[in-house]
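**Q** Any chance you could fold what I've pasted below:
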Amino acid sequence: YTTPWGTTLGLVPRQMTTGGKPRLLDITKRGNRYLRMLLIHGARAAMPSLSKQSTPLGKWLRGLLARAHRNVAIVALAAKLARIAWASLRRGVRFEPSAPVAATV
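**A** Predicted structure coming up:
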(Lines give C-alpha, C1' and ligand atoms only; values in the text may rest on other atoms or scores of the structure.)
Protein backbone atom coordinates (compact mmCIF):
# COMPACT_ATOMS: atom_id res chain seq x y z
CA TYR A 1 0.00 0.00 0.00
CA THR A 2 1.46 3.37 -1.06
CA THR A 3 0.45 6.59 0.63
CA PRO A 4 -0.09 9.77 -1.38
CA TRP A 5 3.30 11.10 -0.30
CA GLY A 6 4.97 8.03 -1.82
CA THR A 7 5.72 6.09 1.34
CA THR A 8 5.14 2.37 1.18
CA LEU A 9 3.81 1.20 4.53
CA GLY A 10 4.51 -2.50 4.08
CA LEU A 11 1.17 -3.58 5.57
CA VAL A 12 -0.03 -5.64 2.62
CA PRO A 13 0.88 -9.32 2.35
CA ARG A 14 3.26 -10.63 -0.27
CA GLN A 15 1.59 -12.94 -2.75
CA MET A 16 2.80 -16.17 -4.26
CA THR A 17 0.62 -17.49 -7.05
CA THR A 18 1.06 -20.94 -8.47
CA GLY A 19 -1.37 -22.46 -10.93
CA GLY A 20 -3.82 -19.59 -10.50
CA LYS A 21 -4.14 -20.19 -6.75
CA PRO A 22 -3.00 -17.13 -4.78
CA ARG A 23 -1.31 -17.64 -1.44
CA LEU A 24 -0.83 -14.73 0.93
CA LEU A 25 2.45 -14.66 2.83
CA ASP A 26 3.76 -12.33 5.53
CA ILE A 27 3.62 -8.54 5.34
CA THR A 28 6.25 -7.01 3.07
CA LYS A 29 8.01 -4.90 5.73
CA ARG A 30 9.01 -2.29 3.19
CA GLY A 31 8.96 1.42 3.75
CA ASN A 32 8.95 3.31 7.01
CA ARG A 33 9.39 0.84 9.88
CA TYR A 34 8.49 3.40 12.53
CA LEU A 35 5.21 4.39 10.87
CA ARG A 36 4.28 0.72 10.37
CA MET A 37 5.05 0.03 14.04
CA LEU A 38 2.86 2.95 15.14
CA LEU A 39 -0.04 1.79 12.97
CA ILE A 40 0.18 -1.80 14.24
CA HIS A 41 0.46 -0.75 17.89
CA GLY A 42 -2.44 1.65 17.42
CA ALA A 43 -4.54 -1.10 15.85
CA ARG A 44 -3.66 -3.45 18.70
CA ALA A 45 -4.74 -0.84 21.25
CA ALA A 46 -7.94 0.06 19.39
CA MET A 47 -9.06 -3.50 18.62
CA PRO A 48 -10.92 -4.25 21.90
CA SER A 49 -13.05 -1.11 21.77
CA LEU A 50 -13.63 -1.19 18.00
CA SER A 51 -14.74 -4.83 18.05
CA LYS A 52 -17.46 -4.01 20.60
CA GLN A 53 -18.97 -1.16 18.57
CA SER A 54 -22.00 -1.62 16.35
CA THR A 55 -20.45 0.39 13.48
CA PRO A 56 -19.64 -1.20 10.11
CA LEU A 57 -15.97 -1.21 11.12
CA GLY A 58 -16.80 -3.09 14.32
CA LYS A 59 -18.92 -5.60 12.42
CA TRP A 60 -16.12 -6.14 9.88
CA LEU A 61 -13.59 -6.62 12.70
CA ARG A 62 -15.75 -9.15 14.56
CA GLY A 63 -16.17 -11.17 11.37
CA LEU A 64 -12.43 -11.06 10.74
CA LEU A 65 -11.61 -12.16 14.29
CA ALA A 66 -13.99 -15.11 13.89
CA ARG A 67 -12.11 -16.45 10.87
CA ALA A 68 -8.50 -15.28 11.28
CA HIS A 69 -5.74 -15.27 13.88
CA ARG A 70 -5.66 -12.24 16.17
CA ASN A 71 -2.30 -11.01 14.85
CA VAL A 72 -3.53 -11.24 11.25
CA ALA A 73 -6.58 -9.23 12.26
CA ILE A 74 -4.37 -6.60 13.89
CA VAL A 75 -2.33 -6.10 10.71
CA ALA A 76 -5.52 -6.02 8.61
CA LEU A 77 -7.00 -3.42 10.95
CA ALA A 78 -3.79 -1.36 10.77
CA ALA A 79 -3.95 -1.43 6.97
CA LYS A 80 -7.62 -0.43 7.02
CA LEU A 81 -6.95 2.41 9.46
CA ALA A 82 -4.11 3.62 7.21
CA ARG A 83 -6.48 3.61 4.21
CA ILE A 84 -9.14 5.46 6.21
CA ALA A 85 -6.60 8.08 7.33
CA TRP A 86 -5.30 8.49 3.78
CA ALA A 87 -8.82 8.89 2.36
CA SER A 88 -9.76 11.41 5.06
CA LEU A 89 -6.62 13.44 4.43
CA ARG A 90 -7.04 13.29 0.67
CA ARG A 91 -10.67 14.38 0.72
CA GLY A 92 -10.17 16.88 3.53
CA VAL A 93 -13.05 15.51 5.58
CA ARG A 94 -13.42 14.17 9.09
CA PHE A 95 -13.80 10.44 9.54
CA GLU A 96 -17.37 9.42 10.31
CA PRO A 97 -17.49 5.98 11.95
CA SER A 98 -21.12 5.50 10.97
CA ALA A 99 -20.27 5.65 7.25
CA PRO A 100 -19.84 2.34 5.40
CA VAL A 101 -16.28 1.01 5.56
CA ALA A 102 -16.03 0.38 1.82
CA ALA A 103 -16.87 4.01 1.06
CA THR A 104 -13.83 5.27 3.00
CA VAL A 105 -11.28 3.57 0.77
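**Q** can you tell me which helix or strand residue 22 belongs to?
**A** Using DSSP states H and E, residue 22 maps to strand 21-27.
**Q** what does residue 81 give?
**A** If you go by DSSP H and E, residue 81 is part of helix 70-91.
**Q** and that helix, which residues are buried?
**A** 73-84, 86 (16 or more other C-beta atoms under 10 Å). C-betas here are computed from N, CA, C, even on glycine.
**Q** what sits against residue 65?
**A** Taking C-beta atoms under 8 Å, 6 or more residues apart in numbering, we find residue 65 in contact with 51, 73.
**Q** What separation is there between residue 88 and residue 19?
**A** 40 Å (C-beta to C-beta, to the nearest Å).
**Q** Where does pLDDT dip in this protein?
**A** Along the chain, the parts satisfying pLDDT under 70 run over 1-15, 23-30, 97-105.
**Q** make it 80
**A** By pLDDT under 80, the weakly predicted segments of the chain are 1-33, 95-105.
**Q** How about the contacts made by residue 42?
**A** By C-beta under 8 Å, 6+ apart, residue 42 lies in contact with 78, 81.
**Q** From residue 18, how far off is it?
**A** For residue 42 relative to residue 18 (C-beta to C-beta), the value is 35 Å.
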